[in-house]
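*Asks:* Mind folding the following:
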Amino acid sequence: MVLTKRAQAFYKTARIDDAEYNTGKMKRAFSGRQPLAEFDEELFLTVIKQITVYAAHRLVLEFINGLTMEAAY
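*Replies:* Predicted coordinates:
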């Protein structure tokens, strides 16, 4: 019982650095693709973790590997 609670506490605070794995996943998703003519939902769901929309016509895209990119809209 004590060992289980200790393991649960450890996993709650553990940080997993999977940026390298997710960068590889992104490279595979983009590899060999032609330029897009229209929105590709599958590609979007594969590489984008989150988009934050700001009122000042600004977007911040966060990719699955932790990198971010800003864009105006």
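
*Asks:* In contact with Leu43: list those residues for me.
*Replies:* Contacts for Leu43 (Cβ atoms under 8 Å, 6 or more residues apart in numbering) come out as Ala29, Phe30, Arg33, Leu36. Backbone N, C-alpha and C define where each C-beta goes, glycine included.

*Asks:* Show me the two of the residues you listed that sit farthest apart.
*Replies:* The distance between the two most remote of the contacts of Leu43 (Cβ to Cβ) is 12.1 Å, for Ala29 and Leu36.

*Asks:* just to revisit the earlier point, which one of the contacts of Leu43 has the most neighbours?
*Replies:* Ala29 (15 neighbours; other Cβ atoms under 10 Å).

*Asks:* quick one, what contacts the closest residue to that residue other than its chain neighbours?
*Replies:* Closest residue in space to Ala29, ignoring its immediate chain neighbours: Thr46 at 4.8 Å, by Cβ to Cβ, 6 or more residues apart in numbering. Thr46 sits next to Lys25, Met26, Ala29, Ile64 when contact means Cβ under 8 Å, 6+ apart.

*Asks:* how close does the first one sit to Ala72?
*Replies:* Using Cβ to Cβ, to the nearest Å, one gets 28 Å for the distance from Lys25 to Ala72.

*Asks:* between the two, which one's more packed in?
*Replies:* In this view Lys25 and Ala72 are compared by other Cβ under 10 Å, and Lys25 has more residues nearby, 15 against 8.

*Asks:* Check which residues of the host helix or strand of the more buried one are buried.
*Replies:* Per DSSP states H and E, Lys25 falls inside helix 19-30. Buried residues in helix 19-30, counting neighbours by 16 or more other Cβ atoms under 10 Å, are found at Asn22, Met26.

*Asks:* quick one on the thing from earlier: let me have the contacts of Leu43 in JSON lines, adding distance to Ala19 as columns.
*Replies:* Compiled in JSON lines, the contacts of Leu43 are given as follows (distance: Cβ to Cβ, whole Å):
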{"residue": "Ala29", "distance to Ala19": "15"}
{"residue": "Phe30", "distance to Ala19": "16"}
{"residue": "Arg33", "distance to Ala19": "22"}
{"residue": "Leu36", "distance to Ala19": "25"}
